[in-house]
Each structure stands twice: as structure tokens, then as C-alpha cells.
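Asker: one predicted model, sequence on top.
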Amino acid sequence: MAAPDTVVNVAEKLESFEELFAPRIVAEFNGYQLKVVRAKGDLDWHHHDETDELFLVVAGTLRIELADRAPVLLGEGELFVVPRGLEHRPVATEECHVLLVEPAGTPNTGDVATAATEEWV
């Protein structure tokens, strides 16, 4: 676990694993976790009943499809917050790298039974 006063190199953390849509925890603060994800293809449609979900694109392009409106296209350095309860799915035509911010213990698919196991890197 990264101490609060430790510098975290996001690019190095992303290079330390190859799995897609398998979030890795890089830091925690005030009950929130910062997670890095390598994304390519699409994740299943899902929602989070208890929390919003912040996506910040570090490299590449990510499309977030939303159940009730037009998709959101994010480029490098752009972020979007998916409101709690809104069904969505991230889609990446080419591999992209994303930083997620959400409460500790939030399953990436909104369901513990189908969520990826999250590890620290």
C-alpha cells in the first residue's frame, strides 16, 4: 500500500501488469481508492447503486456508453463522472489507460460476484 506521502508514478504502475479491465489500486485517501486500468474492448453494462464513478483518461481514448443519453468520448487528460445508479459501460477501440477514483471496495462491475479481483501495484 502506498503511504499518503509517497509519490506514485501512474505510467510505471500501468506498465507493471497486462490484464485488461482489471483495476489495480495505486493509492488510498479518505476512504477512496485510486485505481489504474488498462482498457481495450468493452466491459459489461453495469451500474453502482451507492457511488458515483470518476474516469480520468491517462493515455488513449475511452468511450463511456450511457443507458439514458449519448455516449461520452474522453481523450487524454479528460475526465467524466458517471452518476450513481446510471447504467454504463466503458469501451476502448484501442488500448487506453484510465485512472478511476471511487470508494474503497467498489466492485468494477457493480456486482461483487462478477467483479475483477483488485490488487495493489
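Answerer: Thanks, I have the structure now. Residues are numbered from 1 along each chain as shown.
Asker: which residue is nearest the middle of the chain?
Answerer: In the chain, the residue lying closest to the centroid (C-alpha atoms, centre = their mean) is Leu100, at 3.7 Å.
Asker: any idea which element that one lies in?
Answerer: strand 88-103 (DSSP states H and E).
Asker: where does the prediction get shaky in the chain?
Answerer: 1-4, 108-117 (pLDDT under 70).
Asker: what are the boundaries of the helices in it?
Answerer: Per DSSP state H, the chain carries helices over the ranges 10-15.
Asker: for it, which segments count as strands?
Answerer: 24-29, 32-42, 53-59, 62-66, 69-74, 79-82, 88-103, 119-120 (DSSP state E).
Asker: could I get these as a markdown table with distance to Asp5?
Answerer: All C-beta spots, glycine's among them, are computed from the backbone N, C-alpha and C. Below are the strands of the chain laid out as a markdown table (distance: least, C-beta to C-beta, whole Å):
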| stretch | distance to Asp5 |
| --- | --- |
| strand 24-29 | 11 |
| strand 32-42 | 15 |
| strand 53-59 | 22 |
| strand 62-66 | 30 |
| strand 69-74 | 30 |
| strand 79-82 | 24 |
| strand 88-103 | 19 |
| strand 119-120 | 17 |
